[in-house]
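[1] here is the input, now give the coordinates:
(chains A, B and C)
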Amino acid sequence: MEAINKESTLQRLKSYRKHPLSAILFLLVVISAVITLTVLIALIAYILIKGIPNLSPELFEWEYTTENVSMMPAIINTLIITALSLLFALPVGICSAIYLVEYAKRGNKLVSIVRITTETLSGIPSIVYGLFGYLFFNIFLGWSYTILGGALTLAIMILPLIMRTTEEALIAVPDLYREGSFGLGAGKLRTVFRIVLPSAVPGILAGVILAVGRIVGETAALLYPAGTATTVADGLMSSGRTLAVHMYALLNEGLYMDQAYATAVVLLVVVIGINALSGLIAKKVGVKD
Amino acid sequence: MSMNKFEISNLDLFYGDFKALKNINLNITEGDITAFIGPSGCGKSTLLKSLNRMNDLVEGCRITGKVLLDGEDIYGSMDLNHLRKRVGMVFQKPNPFPMSIYDNVAYGPRTHGIRSKVKLDEIVEKALRDAAIWDEVKDRLKKNALGMSGGQQQRLCIARALAVQPEVLLMDEPTSALDPISTSRIEELAVELKKEYTIIMVTHNMQQAARISDKTAFFLLGEVVEYGDTEQIFSMPKDKRTEDYITGRFG
Amino acid sequence: MRTRFDEQLEQLHVELITMGALCEEAITLALKSLFDRDRSLVPVVLEKDGEIDRKERDIEALCMRLLLQQQPVARDLRTISSALKMISDMERIGDQAADIVELTDQMHDKQLEMSSSLHIRSMSEEAVKMVIQSVDSFVKADLELAHSVIAYDDVVDNLFSKIRGEIIEQIATDGTNGEVYIDLLMIAKYLERVADHATNIAEWVEYSITGIHGEMDGE
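    Residues are numbered from 1 along each chain as shown, chains lettered A, B, ... in the order given. Here you go, the predicted model:
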């Protein structure tokens, strides 16, 4: 039997004839959706078509040489820098968000200063971070190009993002939970770490995903502090390039376009992989029935 | 001879410049269900929250006067967390923590330092039994509490409160978010629990106050207008304002 | 606020007044038929009794509806519960009126005349007065009047024992009319019951106003 609560195409057309403005708006909405989807698909398809034929086992060899511009070192460096940046940014970001939401009194001067600062920081172009990292770590501290400097620079860059998302996640935790915990005689610390923070994990993870996305895709902020060494960094104080930087370098040299496309494919896969992984973690850590 | 569990004297409460409670003098009898009734914003919930110092969380809230629990000043040297252990609270909206049913109930005892698994199992089972929900959840203690129905969640919250073995149970409109069947379950439970606990309940439901409470206090604009035996309040209130309110002719 | 409920309560009030008035009429007519030896009033009184019974059921239904829909408390609850009690007393008064005319119907003029020799007439006047005043006290929510009705019950009770004594005396001297005297005693008893019901009504009036139910004494 046909469902009677579904509007038939004919009915819809009739109603659009009566309300031409609705019809126009409907068309605009559909067209926008189609454009967005088309651009995205075209982009991915372009990268895949150009990149996949150029993927070869040699590109994943351990050594980078001018004959074989292997991206393996870059992949490993990417992972190291991502891990390092999160290691620095997460504790600081989460703790300051906890302070802002749970401890600071409303209307506190410090809170508004911290808020303004983070908002300003999040609006700064990444090249400025790169410049700062270079000036501070390489010039002022006298380090050479180091992945530590790069990771710290990125940590500073993603700190506002982590803080903001964590703050939002904490604010979104219903006060009912806090009251419930206090009502049972639990103190502030226990309430925050046993009740509020676990409830906020999915929100915080969303922030982490965004942050990882920025790290993986970042070039400008890394070029100066971390340099463009083509080898796997053999220590925190040695230089190394991430995938994005690697791609930038390849393009810059103009000799390895095909390899650049292949790198793009890998970068795409890495980003999708990270997203999937975070989703999985969020499901594991978060609320389950 | 019935004892006074709470003795509230000359209590004033301010939110900033606003005086939310005016010179409250009230004795709560041990082992009774006491109902606080009154229109929204009359201060009944505020007074309830003053009894386990939940108002301390509210910025700009200032309280003067005295509140004695078994003769001991709760705003004096009494440890805040200990007070809240003795005076448990059930909230208007069921608020189980987003964790397993077991962990919800065990949260309180764990907070107060009980670590032994055997002891915790025992406490959790007793609390759930006392809250008349054991049979419904005994096979899914490890399941997340948010998967339960609203009525079950509220009984879980009662169990959670009971698990710290309080002496007094404050209930802030505990059934306002529940359907009639869940509501009557909670009511029956309250009547059952008063054998062991002193219960103070804020309610907007006149019939509920009339059904289950022993004493009723009527609040209006931050004052206690009338306080007495529930039966007397609902059959022949002394104050015209009480009469107008409970018969629905208020305002 | 609660306009509809107030309207319904007003309707209840009006219905009760109507029913009270019917009782007054029924008992007055019954006694008129007794003392004026007017048999034509018999069907009228029986008709009134039927009307009173119907009224009782109507008011009962109204009260049930109010209890169900409005879940009254305090004054409202007292009003409705006393209405429920009052109508059964009023209904009984109607029944007594019917009982009286049924007895009158069987008696001859001659026998009826004998009633005048006793205190039955004055007793009937007092009983009717109590009915009227109890209904009045309800209509006007007059606590004092209700109190005076309750106090007046003793007067009627005394009259009853006086009539009882008179009848015992009469039967001793005039044995042939024993049956009639028993009927007259019955009528006196009915009147005494009417006065009791009037007292009850007054007591429910008192309860609905004050919330206190005076101890039932006397019976």
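[2] where along the chain do the helices fall?
    Just going to use chain A. Counting by DSSP state H, residue ranges of the helices within chain A are A:9-18, A:20-51, A:72-98, A:109-123, A:126-133, A:147-172, A:175-183, A:188-190, A:197-217, A:220-226, A:243-253, A:257-285.
[3] should've been chain C
    C:3-35, C:41-70, C:74-106, C:109-117, C:120-139, C:143-173, C:178-210.
[4] quick one: those helices as a markdown table, columns for mean neighbour count, mean pLDDT and distance to B:Phe97 too.
    Every C-beta, even on glycine, is put in place using the N, C-alpha and C of the backbone. Below are the helices of chain C laid out as a markdown table (neighbours: other Cβ atoms under 10 Å in any protein chain shown; pLDDT from 0 to 100; distance: least, Cβ to Cβ, whole Å):
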| stretch | mean neighbour count | mean pLDDT | distance to B:Phe97 |
| --- | --- | --- | --- |
| helix C:3-35 | 19 | 91 | 43 |
| helix C:41-70 | 17 | 93 | 41 |
| helix C:74-106 | 21 | 92 | 42 |
| helix C:109-117 | 14 | 63 | 86 |
| helix C:120-139 | 22 | 91 | 59 |
| helix C:143-173 | 17 | 91 | 59 |
| helix C:178-210 | 22 | 91 | 52 |
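[5] nearest to B:Trp134, out of these?
    helix C:41-70 (35.9 Å; Cβ to Cβ).
[6] bridge partners for the residue of the stretch 1-150 of chain B found nearest chain C, pull those for me.
    Across the stretch 1-150 of chain B, the shortest distance to chain C (Cβ to the nearest Cβ) belongs to B:Ile37, at 11.0 Å. Applying DSSP bridges to B:Ile37 gives these bridge partners: B:Phe218.
[7] give me every residue that touches B:Lys44.
    Taking Cβ atoms under 8 Å, 6 or more residues apart in numbering or on different chains, we find B:Lys44 in contact with B:Phe36, B:Ile37, B:Gly38, B:Val202, B:Ala217, B:Phe219.
[8] if any of these are buried, put those into a ChimeraX selection.
    The buried residues among the contacts of B:Lys44 can be selected in ChimeraX (16 or more other Cβ atoms under 10 Å in any protein chain shown) with this line:
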select /B:36,37,38,202,217,219
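[9] and of the contacts of B:Lys44, the nearest to chain A?
    When the contacts of B:Lys44 are compared against chain A (criterion: Cβ to the nearest Cβ), the nearest one is B:Val202, at 14.2 Å.
[10] hmm, back to that, now the helices of chain C in TSV, with distance to B:Lys143?
    What follows is the helices of chain C, written out as TSV (distance: least, Cβ to Cβ, whole Å):
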stretch	distance to B:Lys143
helix C:3-35	46
helix C:41-70	41
helix C:74-106	45
helix C:109-117	86
helix C:120-139	62
helix C:143-173	63
helix C:178-210	55
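[11] run through the residues of the stretch 1-150 of chain A sitting next to chain B.
    Within the stretch 1-150 of chain A, the positions near chain B by Cβ under 8 Å from any Cβ of the partner chain are A:Lys105, A:Arg106.
[12] what about the residue nearest to A:Ser181 when sequence neighbours are not counted, distance to A:Asp258?
    Using Cβ to Cβ, 6 or more residues apart in numbering or on different chains and skipping residues adjacent in sequence, the residue nearest A:Ser181 is A:Thr191, 4.1 Å away. As for A:Thr191, its distance to A:Asp258 is 57 Å (criterion: Cβ to Cβ, to the nearest Å).
[13] same question for A:Leu184.
    Taking Cβ to Cβ, one finds A:Leu184 at 64 Å from A:Asp258.
[14] same deal with C:His213?
    103 Å.
[15] more crowded one of those two?
    A:Asp258 (17 against 14; other Cβ atoms under 10 Å in any protein chain shown).
[16] tell me how far that one lies from chain C.
    83 Å (Cβ to the nearest Cβ, to the nearest Å).
[17] could you do B:Met201 as well?
    From B:Met201 to chain C the distance is 17 Å (Cβ to the nearest Cβ).
[18] residue 199: what's it in contact with?
    Just so you know, I chose chain A. With Cβ under 8 Å, 6+ apart, A:Ser199 has these contacts: A:Val173, A:Tyr177, B:Phe97, B:Pro98.
[19] wrong chain, I was asking about chain B
    B:Asp32, B:Ile33, B:Thr34, B:Val168, B:Leu169, B:Met171, B:Ala190, B:Leu193.
[20] now, which of these lie within helices?
    Those of these lying in helices (DSSP H): B:Ala190, B:Leu193.
[21] circling back: right, and the helices of chain A - which one's nearest A:Met237?
    Of all the helices of chain A, helix A:147-172 comes closest under Cβ to Cβ, at 6.1 Å.
[22] tell me what the closest one is packed against?
    helix A:72-98, helix A:109-123, helix A:126-133, helix A:197-217, helix A:220-226 (3 or more Cβ pairs under 8 Å, 6 or more residues apart in numbering or on different chains; DSSP states H and E).
[23] and C:Ala141, how many neighbours?
    Count around C:Ala141 with other Cβ under 10 Å applied: 13.
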